[in-house]
Every structure is written in C-alpha cells, then in structure tokens.
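A.B. asks: Quick one, structure for this:
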Amino acid sequence: MAAATTPTGDRAAAAPATQMRAVVQRGYGTADVLHVGDVDRPTIAADEVLVQVRAAGLDRGTWHLMAGFPYAVRLVTGLRTPRRAVPGIDVAGTVVAVGSEVTRFRLGDEVFGIGRGTFAELTVAKERKLAAKPPRLTFEQAAALPVSGLTALGALDVGGLARGQHVLVIGASGGVGTHAVQIAKASGATVTGVASAAKLDLVRSLGADHVIDYTRDDFAAGGKRYDLILDIGGNAPLSRLRRALTRRGTLVIVGGEGGGRWTGMSRQLRALASSPFVRQRLKMIVAKEHHDGLDRLAVLVEDGRVTPEVERTYPLHEAADAMRHLVAGQARGKLVITVSPAPPPTRS
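C.D. replies: Numbers count the residues shown, from 1 in each chain. Below is the predicted model:
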C-alpha cells in the first residue's frame, strides 16, 4: 500500500474508488512519522466486518505501537518497520460490509469496538471484537470507550472489585483511569483518585469520593489503606504501593509505563514473582478484546453510570498533533480522531 504525496485535509483530493484516506506510518519514531495519504481499501475475511470509520480513539497503546517502544512490541509489529502501515485500534462507525460467517451485524448497523488500522476512512474488525453502539453516545464518545473501557473493566475484575471496598486509582484522569473511577463507583466502591492538581476537578466530576494531588501528597503516607489499587501508567516502587494496601489487599498494575526499555513490564514481572510469598495479591492485566466486555460497558453507559470523557477531537489530518498532545501528558480523559464519511465501496 503506497501513500500518496498529498497529505493535507481529510479529503484534500478525491481518492480513487479502490483507495481511501488514512494516517500512514512507514517507520517507528515520534509523531513525525504519521502522515495522511491514500492507501488501498481493506478487504474482509469470512468472520470480519468492514466499518466506515466515524471516529477512532487514541491511547498510550497506539503510542507504543507508533514508537516501537518498549522494544518487545516489535516482535509482534515488525522489527524494523511496522507490518501494518495504518495505526489505530479503537473504532466507532457504520457497518458497510460483512463476511459470509458474520451473524451479529447487518449493513447500516452502528458499532464500536476494536479494529485494525482505524485511523482511516474504512477499517476491518473481527465480528467478536465489535458491539452495537450505545444510542446514548455520539460516535466520538463511543470511539473513546473500547480499549480504555475494556482495560479498566478487566483490571477491576482481576482485582476482585466488590461493593464497599476502598479503591485507589493512580492515574485517574487518563483514558483508563476515567473509566475505572466510574465503573468502581457504579459497583458501590469508595473511590480515591490520584492525578495532578490541574485535573482533580475532572476526577471529582467522575464521582470520586476523594482526590489526591500526586505533586503534593503521598498516597502511601499516613494511615489510609486500600482494598484495591489500580496503578495505571505509574512508576511507584512496589514497596510503596504495598504500603498503601490493606494486609490482604490487591494491587493491579496496568500498562507498561516506566517498566523498562525492553519489555515495559519489569514492575509487573516483579509483582507476579513476589505475589506467592506475601499475603497481598499483586496482579497485572492484559485486556480481553471481546464483545462480552463491550456489551457490559454498553449496559453501564445506557444506565447512565459510565460516560466516556472526551477532552478533544482532531480531524484525520491532525492525528500527529493529537499524538503530541497525548505524549505531553496534557490530556484529560480521551483524545479522539474524527473521520469524514467516505464514499461507499464500489461493487466489483
């Protein structure tokens, strides 16, 4: 798939019927590797769905795939250059084609979930990784939900979240954190959110009972102890995190930030190795990309208990700027890429 040389605007020049506009990445690096061009329209297998993208969420996982860092990700994505030229995972849009084995969706259905190369006019997704878009949400909100929502849901499940527990969410103002705070509150927990001073108002608005400014206060200081701690993208030593747990509390480490250049999981691996020898449970999370989790999130959304927090949207041709904003650590909640509707695929 060759990128065109006209990168300005979502549809600066009309692409041929066999092509579409997309963000293209030919190598690993900073946001400067992201450009908009024309690529071949994707084709679907029997168990796949072709989705006209209306919006695509941006998250730290997409940054890791763009940067090729930690280096272990390249074992999956390609050692020297990405095997897939179009980045993006989160998607919300409209079904425009279905494979012969697909039974859950029809043409015109509005869906959200996990796709391949979603920073584009069209994307392909496995049927099992899509769910019906909650009517209550815009496409932009729905695109902010899949990766971060599934990660938050999985982390709380692994942590054994129960009504009445005291839960600490470190990184409460980010994509995963904003969902985790809301899901924990919806489950009847008392929630404390940790974030910077500029984002404490956001964390309160999500329903957190207490907030901590990590630039001024130490969550492990004093006598407060938590039944469950989610450490989302943090870098606190395990010893400090354990001090903030109850004697039989649970720590779940989410994400690979600060986890080393090679695997990004050094803290997680140390936690798993230590867990059998201590009373506390030390866990990690790998989110499951399945519609069962998406359906659970949709119920929470329709009940009004969870609403994705979208700070800002960017058109397709400003995807690099969105990534820079994310990397700078300035985002409150999720950033979303919006895509102008593409013309329908031509019939062969």
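A.B. asks: any idea how far residue 337 is from residue 36?
C.D. replies: For residue 36, the distance to residue 337 (Cβ to Cβ, to the nearest Å) stands at 11 Å. (Glycine included, C-beta is placed from N, CA and C.)
A.B. asks: Settle it for me: which of the two has more neighbours?
C.D. replies: Set side by side, residue 36 and residue 337 show more neighbours around residue 337, with 29 against 26, by other Cβ atoms under 10 Å.
A.B. asks: which ones are touching that one?
C.D. replies: Taking Cβ atoms under 8 Å, 6 or more residues apart in numbering, we find residue 337 in contact with 23, 55-58, 88, 119, 143, 313-316, 319, 322.
A.B. asks: among the residues you listed, which are in helices?
C.D. replies: 143, 319, 322 (DSSP state H).
A.B. asks: What's the first helix or strand after the helix or strand bottoming out on mean pLDDT in the chain?
C.D. replies: Taking mean pLDDT, DSSP states H and E as the measure, the chain has helix 74-77 as its least confident helix or strand, at a mean of 64. Where DSSP states H and E defines the elements, the next helix or strand beyond helix 74-77 is strand 90-98.
A.B. asks: between the helix or strand following that following strand and strand 90-98, how big is the angle?
C.D. replies: Where DSSP H and E defines the elements, the next helix or strand beyond strand 90-98 is strand 110-114. Angle, strand 110-114 to strand 90-98, by axes from the mean of the first three to the mean of the last three Cα atoms, to 10 degrees: 120 degrees.
A.B. asks: contacting residues around the very next helix or strand once past strand 110-114?
C.D. replies: With elements assigned by DSSP H and E, the helix or strand that comes after strand 110-114 is strand 122-126. Residues from elsewhere that reach strand 122-126 (Cβ under 8 Å, 6+ apart): 20, 41-44, 47-53, 56, 88, 91, 93, 96, 111, 113-117, 342, 345.
A.B. asks: if we can go back for a sec, what's the overlap in contacts for residue 36 and residue 337?
C.D. replies: Shared contacts of residue 36 and residue 337 (Cβ under 8 Å, 6+ apart): 23, 316, 319.
A.B. asks: nearest spatial neighbour of the first one, skipping sequence neighbours?
C.D. replies: Once its chain neighbours are removed from consideration, residue 23 has its nearest residue in residue 119; the separation is 3.8 Å (Cβ to Cβ, 6 or more residues apart in numbering).
A.B. asks: right, and the one you found touches residue 87 too?
C.D. replies: Yes: applying Cβ atoms under 8 Å, one finds residue 119 in contact with residue 87, separated by 5.4 Å.
A.B. asks: Quick check: nearest residue in space to residue 275, chain neighbours excluded?
C.D. replies: Leaving out its chain neighbours, the residue that sits closest to residue 275 by Cβ to Cβ, 6+ apart is residue 282, at 4.1 Å.
A.B. asks: Check the burial of that neighbour by counting its neighbours.
C.D. replies: Residues near residue 282, counting by other Cβ under 10 Å, number 25.
A.B. asks: same question, residue 106
C.D. replies: Using other Cβ under 10 Å, residue 106 is surrounded by 9 other residues.
A.B. asks: Can you give me the distance of it to residue 292?
C.D. replies: The spacing between residue 106 and residue 292, counted by Cβ to Cβ, is 21 Å.
A.B. asks: pretty sure residue 31 is touching residue 62, no?
C.D. replies: No: with contact defined as Cβ under 8 Å, residue 31 does not reach residue 62; the gap is 10.8 Å.
A.B. asks: So for the two, which residue has more residues nearby?
C.D. replies: residue 62 (23 against 18).
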